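A.B. asks: after the sequence you'll find the predicted model.
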Amino acid sequence: MKKQSHDQNFKSLFQDFPKEALELILPEVLDTYGPIRHIEFIRQEPKKHRLKDPHLSLDMPILFRFDRRQVILWLMEFQEDKEKFSIFRLLRYVTDMTESHPDVLVIPTVLFTDRKRWRKDVAKDLEHRFGERQFLHFEYMLLKLFDFKARDYYNSKNPLVRILLPKMAYEESERGAVFRKALTGLFQLTSALMFEKYTEFIDVYSGIPDEERESIYQELSEDQETAMITQYIKEKGIQQGIQQGVQQGVQQGVQQGLLEGIELAIQLRFGAEGARLLSDIQNVQDINLLRKVKDALRTAKTADEVRAVIQAS
């Protein structure tokens, strides 16, 4: 599997479940301002102070409007590697957003997603004062998924929470249970589209070996309440197999067509000389090499020139 872009994975998750994210991390906002009436994902690149400044990219600025006409700009930043986090960069983000949205409450929030204990903490606030005068005070909401105990959220009705279970804290012996609870929650609480999209997220961050995964699927299939999950996964696998078969068939068809066209062109252009080249052509399995041979036939004056293209590869 290709290397995962962790920050992008979480960004996508929060874009799909912004209300559920707010319910998990800032439930007091809903209690204070009432139901959400509108959610807007605003621009992600703050303005530059100088043209030569590097690009600054925000992970997730979300503008919420509530029933009581209050608004909140929730500035989410995701960090898999805490060493890359900068409180000074975050402060710049916040001041830029405050300047562009002067009537909006801005709440900076950083979610650290790595599943490991920290030996050294990150900077949590900035403060500058002289005597009785305070010139700067800045702090943000710091959350670590590893501080959440997965077992406490096994039966959560929040789909975002269930998807995030594999990134929370649990013992190695609980890994199978975490995987099952995350998968069943995803299936029961989201649409088929979201289930298909985030099954891989759960799979990747659970780190379940193939044998253990198959054993869990077997257990789920034997339970009437969860049998539909494994049926869906099975059907999805069949569909993917069919699609791969179709793609392979198309590839083989293209290759066969190229081969037949090349053989005909060789016989017409080079006659008996070209006939001796046919066996070399028929042994070519690389479709890209066949395309090179086809291109060479347009300018080659002898069969040996075409043979040189094959031998060069």
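C.D. replies: Perfect, I can see it now.
A.B. asks: show me the contacts for the closest residue in space to residue 189 that isn't next to it in sequence.
C.D. replies: Nearest-residue entry for residue 189: residue 159, 3.9 Å, with adjacent residues in sequence omitted and distances by C-beta to C-beta, 6 or more residues apart in numbering. All C-beta atoms are positioned from the backbone trio N, CA, C, and that covers glycine. If a contact means C-beta atoms under 8 Å, 6 or more residues apart in numbering, then residue 159 has 17, 20, 185-186, 189-190, 194 as its contacts.
A.B. asks: go again using 7 Å as the cut-off
C.D. replies: The contact partners of residue 159, taken as C-beta atoms under 7 Å, 6 or more residues apart in numbering, are 17, 20, 185-186, 189-190.
A.B. asks: same question, residue 183
C.D. replies: Counting by C-beta under 7 Å, 6+ apart, residue 183 makes contact with 202, 229.
A.B. asks: now do the SS call for it.
C.D. replies: Here residue 183 is recorded as helix under DSSP: H, G, I helix; E, B strand; the rest coil.
A.B. asks: do residue 284 as well
C.D. replies: Secondary structure, three-state DSSP: residue 284 is coil.
A.B. asks: so how far is residue 148 from the closest residue to it other than its chain neighbours?
C.D. replies: Spatial nearest neighbour of residue 284, chain neighbours left out: residue 290 (5.7 Å); criterion: C-beta to C-beta, 6+ apart. Distance of residue 290 to residue 148, given as C-beta to C-beta, to the nearest Å: 55 Å.
A.B. asks: neighbour count winner among these two?
C.D. replies: Remark: of residue 290 and residue 148, residue 290 carries more neighbours, 21 against 18, as counted by other C-beta atoms under 10 Å.
A.B. asks: return the backbone torsion pair for the more buried one.
C.D. replies: phi -60, psi -40 (degrees, to the nearest 10).
A.B. asks: repeat for residue 61
C.D. replies: phi -80, psi 120.
A.B. asks: how near is it to residue 196?
C.D. replies: Using C-beta to C-beta, we find residue 61 at a distance of 28 Å from residue 196.
A.B. asks: residue 37 now?
C.D. replies: Taking C-beta to C-beta as the measure, residue 37 and residue 196 are separated by 30 Å.
A.B. asks: and what of residue 116?
C.D. replies: Using C-beta to C-beta, one gets 30 Å for the distance from residue 116 to residue 196.
A.B. asks: got it, and residue 81?
C.D. replies: Here the criterion is C-beta to C-beta. By it, residue 81 lies 29 Å from residue 196.
A.B. asks: so which of these two has more stuff around it?
C.D. replies: Higher neighbour count among residue 81 and residue 196: residue 196, with 14 against 11, using other C-beta under 10 Å.
A.B. asks: for the strand or helix carrying the more buried one, which positions count as buried?
C.D. replies: Secondary structure here is read from DSSP states H and E; on that basis residue 196 sits in helix 192-206. By neighbour count, with 16 or more other C-beta atoms under 10 Å as the criterion, the buried positions of helix 192-206 are 194-195, 197-199, 201-203, 205-206.
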